[in-house]
Each structure stands twice: as C-alpha cells, then as structure tokens.
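Peer 1: Got a predicted structure here, sequence first:
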Amino acid sequence: MARQAGLKAVDMFRAVEAGKIRFLWIMATNPVVSLPDTAQVRRALGNCDFVVLSDCVGDTDTAAYADILLPAMGWGEKDGTVTNSERCISRQRSLVPAMGEARPDWWIVAQVAQRLGFGEAFNYRHPAEIFTEHARLSGFENQGSRDFDISGLADLSEAEYERLPPTYWPCPSLGTISKLAFDGRFFTPNGRANFIAVNPALPESAKDVGGQLTLNTGRLRDQWHTMTRTGRVPRLMRHRDFFSVSISPADALSRGLADNDLVQVHNSSGAVTALVLIEDGLPAGQAFSPIHWSNQYSGNACINNLIPPVADPFSGQPQLKFARVSLSRVAVNSWGF
C-alpha cells in the first residue's frame with residue numbers, strides 16, 4: 001500500500017520529462033490535449049522510455065506517443081456498477097457486445113498483475129468479486145467514522161449482484177452506525193462540522209502585455225472532452241464544425257476583425273489558429289475558445305497549449321480556464337476549410 005501521496009498530474013508530467021518516471025500507463029484520458037501547457041506534456045511523453053495507453057479509441061493525440069495500445073471497452077460495452085453524484089449505485093449492463101479484442105479495464109489490470117507475480121491478489125473472475133471487496137473495505141475499521149459505507153452489500157452472491165436495484169449509500173451492515181451530515185452528525189471525531197477559512201486568490205498569469213484579452217475556455221453544447229468519440233458523429237459536429245475564438249463586438253472593431261476571419265491566438269506559451277466568432281454577450285476584454293479540438297480535427301487548435309501550468313497547491317487542480325492572449329490576423333493567399 002502507498003505510504004505517501006503520489007505526484008499529481010502536472011507535477012507527474014514534469015517528472016516524466018526529467019526522466020524521474022520512465023514507465024507510464026495512461027487509462028481513459030487524453031492528456032496531450034486536456035492538460036495545461038500541452039507542449040510540455042508532448043515533450044514528456046516523447047522522452048518517456050515506455051508508454052502504455054488503455055483506450056477505446058486508437059488514434060487519439062496521446063496514442064501517437066504510446067508504445068503499446070490496449071483495447072479497452074467503451075461505455076456501452078461495460079458491465080459493472082456506476083455511482084452517481086447523488087450517491088446512487090446502479091448496475092450497468094452492457095448494451096452491445098465488445099468489439100474486436102476489447103476487454104474491461106479490471107480484466108486488463110488483473111492480467112498484467114498476474115504476469116508480474118501478483119496473481120493471488122488479482123485473481124478476479126467477475127466484477128461481482130471486485131464489488132464485494134470494495135464493499136468490505138468500506139466497512140473496515142469503520143464504526144461510523146466515515147460516511148462512505150456499503151458494507152451491507154458485502155455478502156451479495158453473484159446472482160444477487162446481477163439483480164442489484166439502484167441503491168443509495170450509506171448502506172452499512174447491521175450494528176454499524178452511519179449517518180449523513182444532514183442528520184446532524186458530521187464525520188469528525190466529535191461529530192461536529194469543521195469550518196476552514198480560506199483566502200481566495202485571483203488567477204495567476206503573466207502581466208498583461210499591450211492590451212491582451214483574458215481567455216476563458218470551456219465546452220460546447222454538443223461535444224465531450226477531446227472529441228475522441230463525439231467528434232465522429234456528423235450530427236453533433238453540425239453545431240460547430242470549426243475551431244473558433246469568440247470576442248466581443250468592441251474588441252473586433254478595435255482590431256479590425258470580422259466573423260470568420262482567420263487569426264492566430266498566442267501568448268508566451270504558444271499559439272493556435274482559429275476563426276473569429278463575434279458574440280454580443282461577451283464583455284470587452286474577454287475571449288472564449290472551446291477545449292475540444294485536437295490534432296485529430298485541426299492543424300493547430302489545442303487551446304490548452306496557451307494555458308500556463310499553474311495548479312492549486314493542495315488539490316493539484318490546474319488553472320485551466322485562464323490565460324492572457326493576443327490576436328493577430330493570419331495573412332495567407334488562400335486557406336482550406
């Protein structure tokens with residue numbers, strides 16, 4: 001068992017680039033697009049001795065750096081449980097058979113562990129066995145000291161697991177006390193709430209240089225993360241089928257820009273190329289770009305390349321929604337769309 005905290009994402013990729021981490025196994029994510037300072041992430045993966053990627057898509061930006069690709073099941077192929085944010089545990093059953101050689105993540109991990117000599121600890125045959133172990137651990141040394149407790153589900157048979165109805169936690173075993181905060185008891189030694197005073201800080205950034213815009217990044221209505229799957233659906237792409245930077249009418253006027261002009265969005269971290277969208281709802285001085293585009297869908301549109309790798313000192317969460325950028329018209333004789 002780990003005795004201390006491991007490296008969080010931003011620090012981990014710094015360690016990879018420095019050669020302190022030489023083996024990396026990435027599962028179900030696309031860090032070459034989704035992390036800040038993507039140029040650094042690409043350098044790190046290019047410097048890593050061995051990279052393994054488990055994914056249900058074989059041609060992501062991250063896959064280009066992988067030494068081994070492991071075919072993971074997609075969401076509709078998986079069988080197991082899902083816990084939503086309102087604490088409801090639901091049985092998820094596969095909608096379609098797995099394609100090709102795709103396998104569940106748990107099975108892939110167990111097979112690797114067995115080949116490394118840890119077969120006794122990873123001898124799972126079915127998701128029900130993993131769920132049982134998970135449920136037992138939730139009740140281990142937990143006499144009402146932790147809010148998550150599903151030890152009441154620890155003795156389900158495989159047949160009972162298959163029929164498990166939607167269940168809210170906590171559902172402790174008999175004789176165990178487990179209450180939620182709204183019952184008047186908090187999960188602290190004295191049962192009372194702890195209030196922690198925090199000092200909020202504004203986003204960190206290099207000093208504004210010559211009338212730069214404040215860049216905010218976010219999602220579009222019809223896309224999900226880095227478009228590894230939603231980008232393949234023509235109907236979803238009709239909502240916005242090009243990479244854009246949205247600016248206010250005032251900023252467009254002062255810069256001599258019009259809708260669909262080709263511009264470079266840049267700062268000291270890097271540059272991307274986008275089409276201008278003039279949005280009446282944006283205040284002057286602000287710009288917005290979507291997070292979804294990658295090298296799979298555009299030549300130079302990974303917006304996180306412009307985001308500095310500033311992270312919260314406690315959680316490690318990167319400051320993904322803030323940068324200062326400049327806009328410059330791209331002078332070309334012709335360009336293709």
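Peer 2: Noted; the coordinates are in hand.

Peer 1: Confirm Val10 sits in a helix?
Peer 2: Yes. Residue state for Val10 (DSSP: H, G, I helix; E, B strand; the rest coil) corresponds to a helix.

Peer 1: list the contacts for it?
Peer 2: By C-beta atoms under 8 Å, 6 or more residues apart in numbering, Val10 lies in contact with 35-36, 309, 311, 316, 318. For every residue, glycine as well, the C-beta is placed using N, CA and C.

Peer 1: try it again with 6 Å
Peer 2: By C-beta atoms under 6 Å, 6 or more residues apart in numbering, the contact list for Val10 reads 309, 311, 318.

Peer 1: how near is it to Gly316?
Peer 2: 7 Å (C-beta to C-beta, to the nearest Å).

Peer 1: what does Val265 give?
Peer 2: Noted for Val265: a distance of 27 Å to Gly316, by C-beta to C-beta.

Peer 1: More neighbours: these two, which one.
Peer 2: Val265 (28 against 14; other C-beta atoms under 10 Å).

Peer 1: before we move on, what SS does the more buried one have?
Peer 2: strand.

Peer 1: That one contacts Val245, correct?
Peer 2: Yes. The criterion here is C-beta atoms under 6 Å, and Val265 meets it with Val245 at 5.2 Å.

Peer 1: got any residues that touch both of these two?
Peer 2: With C-beta under 6 Å, 6+ apart, Val265 and Val245 have common neighbours Ala274.

Peer 1: re the thing from before, which of the contacts of Val10 sits closest to Gly19?
Peer 2: Pro309 (18.4 Å; C-beta to C-beta).

Peer 1: Spell out the secondary structure type for the closest one.
Peer 2: The local conformation at Pro309, judged by three-state DSSP, is coil.

Peer 1: who's in contact with it?
Peer 2: Pro309 sits in contact with 10, 36-37, where contact means C-beta under 6 Å, 6+ apart.

Peer 1: okay, now Thr38: neighbour count?
Peer 2: 25.

Peer 1: On the pLDDT front, check it for me.
Peer 2: The model reports Thr38 with a pLDDT of 95.

Peer 1: That one reaches Ile303, doesn't it?
Peer 2: No. Counting by C-beta under 6 Å, Thr38 does not reach Ile303; the two are 8.9 Å apart.

Peer 1: which residues of this protein fall in strands?
Peer 2: Ranges of strands in the chain, per DSSP state E, are 23-27, 50-55, 68-71, 80-83, 88-92, 167-168, 213-218, 244-247, 262-267, 270-278, 286-290, 323-329.

Peer 1: mind checking which of these is nearest Arg255?
Peer 2: strand 323-329 (6.1 Å).

Peer 1: buried stuff in that closest one?
Peer 2: 323-327 (16 or more other C-beta atoms under 10 Å).

Peer 1: Can you say which two of those are spatially most distant?
Peer 2: Ala323 and Leu327, at 12.7 Å, using C-beta to C-beta across the buried residues of strand 323-329.

Peer 1: what stretches of the stretch 51-200 of the chain score poorly on pLDDT?
Peer 2: 174-182 (pLDDT under 70).

Peer 1: tell me, how many neighbours does the closest residue to Leu164 other than its chain neighbours end up with?
Peer 2: Counting by C-beta to C-beta, 6 or more residues apart in numbering, Arg91 is the residue found nearest to Leu164 once chain neighbours are left out, at 4.9 Å. Using other C-beta under 10 Å, the number of residues around Arg91 comes to 17.

Peer 1: Write down the beta-bridge partners of Phe23, one by one.
Peer 2: With DSSP bridges as the criterion, Phe23 is bridged to Phe50.

Peer 1: Do you know the pLDDT at it?
Peer 2: pLDDT, Phe23: 97.

Peer 1: Repeat that for Ile278.
Peer 2: Confidence for Ile278, expressed as pLDDT, is 96.

Peer 1: give me the number of residues near the residue nearest to it when sequence neighbours are not counted?
Peer 2: Leaving out its chain neighbours, the residue that sits closest to Ile278 by C-beta to C-beta, 6+ apart is Ala252, at 4.9 Å. For Ala252, the neighbour count with other C-beta under 10 Å is 21.

Peer 1: Check the one 4 residues further on too.
Peer 2: The burial metric for Gly256, expressed as a neighbour count using other C-beta under 10 Å, is 8.

Peer 1: got it, and Asn216?
Peer 2: 14.

Peer 1: I figured it hits Phe288, correct?
Peer 2: Yes. Between Asn216 and Phe288 there is a contact at 5.1 Å, judged by C-beta under 6 Å.
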